[in-house]
Each structure stands twice: as C-alpha cells, then as structure tokens.
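**Q** The following comprises the amino acid sequence and a computationally predicted model.
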Amino acid sequence: MALKDYEFWFLVGSQYLYGPETLETVAARAQEMTDELNACGLLPCKVVYKLTAKTNKEISDIVREANYDTKCAGIITWCHTFSPSKMWINGFVDLQKPYCHFATQYNKTIPNEEIDMDFMNLNQAAHGDREHGFIAARLRMPRKIIAGYWKAESVRRKLGDWMRAAVGVAFSKSLSVMRFGDNMREVAVTEGDKVEVQAKLGWQVNTWAVGDLVKEMGMVTEQEIDKLYNEYMSIYELNTDDIDAIRYQAREEIAIKRMMDRESCKAFANTFQDLYGMEQLPGLASQHLMAQGYGYGGEGDWKVSAMTAIVKAMGEGKAGGTSFMEDYTYHFSEDGKYSLGAHMLEVCPSLAAAKPKIETHYLGIGMNEKDPARLVFEGKAGPAIVISLIDVGGRLRLIVQDINCIKPILPMPNLPVARVMWEAMPSLELGLECWITAGGSHHTVLTHDVTAEQMKDFANMMDIEFVHITKDTKPEELEYQLLISDFVWKNR
Ligand code: MN
C-alpha cells in the first residue's frame, strides 16, 4: 500500500449531558475540521471522521473496527466537549493501532462578546482533553500528543509527520525480508533474535538459497536486460567500457526483484561470502533496487535492510533520500572533523547530489570473478540522521544520531564507490563515544527525509527502546540513561 492509501480515523469525544444540539454542532465541526485537514496539503494520508463518541459501546465498536481495517493506520482523538474517560477504557485496552491525542480547539481565540455559559459548555477542550489524557496515562498507553490550534501550519506538519511514522508501523507489521546467505562470519552486531523481532516489529525474516537466485538469473531474457540497461542509461552517466558487467548487474537486479515480488518481500540482504555461482556481487543492482524503495543490508544484515525499507516507506514522496550506510573512516583535522560513509558498493542513489556514474572496478573482497559495476557519486549536503537497530539481549534498541551532511571536502578520485561525508553531533569525538556506548552498529540507515522525532514515535509505538544522540548529548549522561533504561526494560 502506498502512503496515500492509508487512513487515520478521527474520533471526537463527548457525552449525552449537553443535549442533541451540542452534539450536532460537535459532529458538524469535526467534519469541517476533517475536510479542511484533508484539503490543506500538509498531511500525507487521509483523515476520516468516524464518530462523536458518547458511550463505552460506541468506542469499543469503533476500536474493534479500526484494529481489523488494513487501511486504517491509526486513530486520532480529540474532545470538543468533556468526555468522561471511563467510557474509553475498554476501547483503549483493546486498541492495536497507533494513537494520537490531538489536543486542539475549534476556535483560535477567546471571543469577548460571544462568550457566555453556552459557549463554555460547547468549547471545553481545555478540560475535556485533560480528562481524556489522564486515562491514557493511567493505562500506560503508547501515544503521540500533539497540542495546538488545528489550523496552524506547524501543528498540521506535526500531525503529518506522525502519520508517516504510523505508516512505518503498518509497513513494518507486514514486512518480509529475503535473506540470501547468512550473516558475515563472526560478526556480532548484525545478529539478532528473529523471533523477538517478528513478535515486536512484525518482520518475517527468512532465507532463500543463492543457488535459487542464480537459477532465476539464468531465466532472465536478453530483451528484459536490454530494457533495464536502457533505463540505467537514461538516469545514470556511463563511465566504463565494460557493458557486459552492467548487463550482468541488470540480470541480477531483475532476478532479485522477481524473487522478492513473488514472496512479497520489500527488503533483502546478501553477503560477499556467499556468491556461489555469481560473477559479481550485486552493486548497481542493489543500488537501483534501493532507489525503488526496497531495503538492502550488506553482510547479511537483515535488520538494517528492514529498517531501510521502513524508513523509505515513512519518507515516501520526499526528495532528500534514504540509504543503507556504513561508517568507514574519519577526518580528525583541527579545521573540521568528519565521518566518511560508504560501502563496498551499495549506497542508494537517492542520496546523490548529482547524476551518478556507472563504473566498474576491481573488488578484492568476496568471490567476484569479474569487476562489479556500481554507481559512484557524492552524497548531498543537509541535515540528516543515522539509525541503527540492535539486539541488546532481551530487547531491541533503536539508536538515532543527528548529523549534518556536507559536500565531501576532498574529491578522492581513486575511491571507487559512492561517498557521503558528515559532521556528527554533538561532535565527531563525543558522538562516537556516545554511539559506541550505546552499542550502535557500523551499518546504519542514513536519511534526509525522516526525523529523529518520527523514529522516536516509531519506537514508542513498537514498544522498543529509543536512544537519541543530539547536539546536547553528553557521554556521561547517556551512560546514566542507559543504566536506568537497562533496569527499566529488564523489569517490564
Ligand atoms: Mn558493511
């Protein structure tokens, strides 16, 4: 499902105390707000006004419906009037969808002449939303609270961002990951409890034989390769004479995509240690698949592959770019301290600052018989985040670091892969100390399109631990936070 196909159900809290006229006004205004929100252009998904809730049964019924409706990616509640919260308990206990409490108000300001007790009885969000908020706090519900005037652009943007995070949840819950081969031998951080991950995040992570992929590659026709080759030529710049290598990557891409689509997988992982029967590690193939929204993880890293696909789904339609990434090497100069991110081949061209070049180069790592074709480019500048999901034993931890991507300060003419350079927060050294303290992987998802707040919302909805390294983070405070967090999570 595409982002625009998802709905968010708007449930407005009230009760019978105020009489039918008030309830009619509340319903009309809720519909008016829904229509304006849908027309404002700032929300990626549709809002559907469902009901003005007056009884326990109405709420329980609508929650049951929301739980089973695949289009419904979450509910949004608001109390125009006072809505006694005991009637929300049964519904909330059963709720399985992301939940946003939209603490807003129909009118922007307090009127002078118009205000009397009728006005006060109709416009009670200031205390209605407090009663409503109490019960979610009491039930320890994961929720997003967005407060402010519903016509304010900043408030609408917040709601839109949360919708994207909630769609990430829906996407995650039905995500299948195709593994070709196991994780790279002896590597620890790319491991993880797949049963725990499926229970928490919904991912079905399963393996397919590299031999099956090779067989699938053998069934790709020259005409199919011609078509994809022409597509490469129309979007990338040719910078090699080795046309066969490019055509071989096209064959790999078509076969991988065909297997993934057949199994409804939106992400895959492979490893250079298991290429039996393949001439080249998929480079251009993996890069072009990522550009189409598929997740990818190198060295069998299925966690980063799945996260890449999820973050791409959350950022659908945005222009910044999202990719699988790896921290490679540092620049510790007094004039500026930077990280250089790259991979042996596979960085998504959605990050490219200019038209990527197709090149072929020798690759010593792995069992490549031929020089793999890959896209070479510089990453674009701008604020971004890097994301790592790790299994710390007994739970999952999502680590996010704020970074600022820059145009690489060196041309690095002999580096045969795509490269991204960034300043890490709070600084290269402190950021590194924090990242290592938290146990973050060398593999990450780098995104310009999704914010740390959205990833926090995602972690909250998924009930997993969240760690955010910002410009203000101090290593000793982070150490203490992780100590407390370990205690809390072990006792849940
Ligand atoms: Mn790697």
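**A** Received, thanks.
**Q** CA atoms for contacts and neighbours, from now on please.
**A** OK.
**Q** what ranges do the helices span in the stretch 101-250 of the chain?
**A** 117-122, 125-138, 153-173, 194-201, 210-218, 222-235, 243-262 (DSSP state H, counting those that start in this stretch).
**Q** Now the weakest link among the ones you listed, please, by mean pLDDT.
**A** For the helices of the stretch 101-250 of the chain, the weakest mean pLDDT is recorded on helix 117-122, namely a mean of 92.
**Q** related to what we said a few turns ago, now the helices of the stretch 101-250 of the chain as JSON lines including distance to residue 346 and mean neighbour count?
**A** Output for the helices of the stretch 101-250 of the chain, formatted as JSON lines (distance: least, Cα to Cα, whole Å; neighbours: other Cα atoms under 10 Å):
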{"stretch": "helix 117-122", "distance to residue 346": "58", "mean neighbour count": "12"}
{"stretch": "helix 125-138", "distance to residue 346": "44", "mean neighbour count": "17"}
{"stretch": "helix 153-173", "distance to residue 346": "22", "mean neighbour count": "23"}
{"stretch": "helix 194-201", "distance to residue 346": "24", "mean neighbour count": "16"}
{"stretch": "helix 210-218", "distance to residue 346": "18", "mean neighbour count": "17"}
{"stretch": "helix 222-235", "distance to residue 346": "16", "mean neighbour count": "14"}
{"stretch": "helix 243-262", "distance to residue 346": "12", "mean neighbour count": "20"}
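**Q** Could you export these as a markdown table, including distance to residue 412?
**A** Formatted as a markdown table, the helices of the stretch 101-250 of the chain follow (distance: least, Cα to Cα, whole Å):
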| stretch | distance to residue 412 |
| --- | --- |
| helix 117-122 | 66 |
| helix 125-138 | 53 |
| helix 153-173 | 36 |
| helix 194-201 | 39 |
| helix 210-218 | 34 |
| helix 222-235 | 23 |
| helix 243-262 | 23 |
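**Q** Of those, which is nearest residue 99?
**A** For residue 99, the closest of those is helix 153-173, at 8.6 Å, according to Cα to Cα.
**Q** Run through who's touching the closest one.
**A** Helix 153-173 is contacted from outside by 3, 6, 8, 37, 42-45, 73-74, 98, 144, 146-150, 201-203, 310-311, 313-315, 454-455, 457-458, 461-462, using Cα atoms under 8 Å, 6 or more residues apart in numbering.
**Q** rerun that using 7 Å as the cut-off
**A** 42-44, 73-74, 98, 148-150, 201-203, 310-311, 313-314, 454-455, 457-458 (Cα atoms under 7 Å, 6 or more residues apart in numbering).
**Q** Okay, and which of those residues map to strands?
**A** 73, 74 (DSSP state E).
**Q** related to what we said a few turns ago, between the helices of the stretch 101-250 of the chain, which one is closest to residue 403.
**A** Among the helices of the stretch 101-250 of the chain, helix 153-173 sits nearest to residue 403 (Cα to Cα), with 19.3 Å.
**Q** CA atoms of that closest one as PDB?
**A** Provided in PDB are the C-alpha atoms of helix 153-173 (Å, rounded to 0.1, in the frame of the first residue of the first chain):
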ATOM      1  CA  GLU A 153       0.800  25.100   9.900                       C
ATOM      2  CA  SER A 154       3.300  23.800  12.500                       C
ATOM      3  CA  VAL A 155       0.600  21.700  14.100                       C
ATOM      4  CA  ARG A 156      -0.500  20.200  10.800                       C
ATOM      5  CA  ARG A 157       3.100  19.400   9.900                       C
ATOM      6  CA  LYS A 158       3.500  17.600  13.200                       C
ATOM      7  CA  LEU A 159       0.300  15.600  12.600                       C
ATOM      8  CA  GLY A 160       1.600  14.800   9.100                       C
ATOM      9  CA  ASP A 161       5.000  13.600  10.400                       C
ATOM     10  CA  TRP A 162       3.300  11.400  13.000                       C
ATOM     11  CA  MET A 163       1.100   9.900  10.300                       C
ATOM     12  CA  ARG A 164       4.300   8.900   8.400                       C
ATOM     13  CA  ALA A 165       5.700   7.300  11.500                       C
ATOM     14  CA  ALA A 166       2.400   5.400  12.000                       C
ATOM     15  CA  VAL A 167       2.500   4.200   8.300                       C
ATOM     16  CA  GLY A 168       6.000   3.000   9.100                       C
ATOM     17  CA  VAL A 169       4.400   0.800  11.800                       C
ATOM     18  CA  ALA A 170       1.800  -0.600   9.400                       C
ATOM     19  CA  PHE A 171       4.600  -1.200   6.800                       C
ATOM     20  CA  SER A 172       6.800  -2.900   9.400                       C
ATOM     21  CA  LYS A 173       4.000  -5.200  10.600                       C
END
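**Q** gap between that helix and the chain center?
**A** The chain centre lies 10 Å from the centre of helix 153-173; the measure is Cα atoms, centre = their mean, to the nearest Å.
**Q** Now do the strands in the stretch 301-450 of the chain.
**A** For the stretch 301-450 of the chain, the strands defined by DSSP state E, counting those that start in this stretch cover 322-333, 336-342, 357-360, 373-376, 382-391, 396-406, 420-424, 443-447.
**Q** Please work out which of the ones you listed is packed deepest.
**A** The highest average neighbour count among the strands of the stretch 301-450 of the chain, using mean count of other Cα atoms under 10 Å, belongs to strand 373-376 at a mean of 28.
**Q** isn't residue 352 right up against residue 376?
**A** No: the criterion here is Cα atoms under 7 Å, and residue 352 misses it with residue 376 at 8.9 Å.
**Q** Common neighbours of the two, please.
**A** By Cα under 7 Å, 6+ apart, no residue touches both residue 352 and residue 376.
**Q** coming back round to it: quick one: closest of the helices of the stretch 101-250 of the chain to residue 89.
**A** helix 125-138 (7.3 Å).
**Q** Please save the CA atoms from the closest one in CSV.
**A** Provided in CSV are the C-alpha atoms of helix 125-138 (Å, rounded to 0.1, in the frame of the first residue of the first chain):
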residue,chain,number,x,y,z
ALA,A,125,-11.4,21.0,25.1
ALA,A,126,-9.2,22.7,27.7
HIS,A,127,-10.6,20.4,30.4
GLY,A,128,-12.0,17.7,28.1
ASP,A,129,-8.6,16.9,26.8
ARG,A,130,-7.1,16.7,30.3
GLU,A,131,-9.7,14.1,31.4
HIS,A,132,-9.0,12.3,28.1
GLY,A,133,-5.2,12.4,28.6
PHE,A,134,-5.4,11.1,32.1
ILE,A,135,-6.8,7.7,31.1
ALA,A,136,-4.1,7.1,28.5
ALA,A,137,-1.5,8.0,31.1
ARG,A,138,-3.2,5.7,33.7
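**Q** which secondary structure elements does it contact?
**A** Judged by 3 or more Cα pairs under 7 Å, 6 or more residues apart in numbering; DSSP states H and E, helix 125-138 is in contact with strand 72-79.
**Q** quick one, the strand it packs on and helix 125-138 angle?
**A** Orientation of strand 72-79 against helix 125-138 (axes from the mean of the first three to the mean of the last three Cα atoms, to 10 degrees) gives an angle of 130 degrees.
**Q** If you count contacts, what does strand 72-79 end up packed against?
**A** strand 7-13, strand 99-103, helix 125-138, helix 153-173.
**Q** Redo the ones you listed as CSV? Include distance to residue 52.
**A** Below are the helices and strands packed on strand 72-79 laid out as CSV (distance: least, Cα to Cα, whole Å):
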stretch, distance to residue 52
strand 7-13, 5
strand 99-103, 14
helix 125-138, 13
helix 153-173, 20
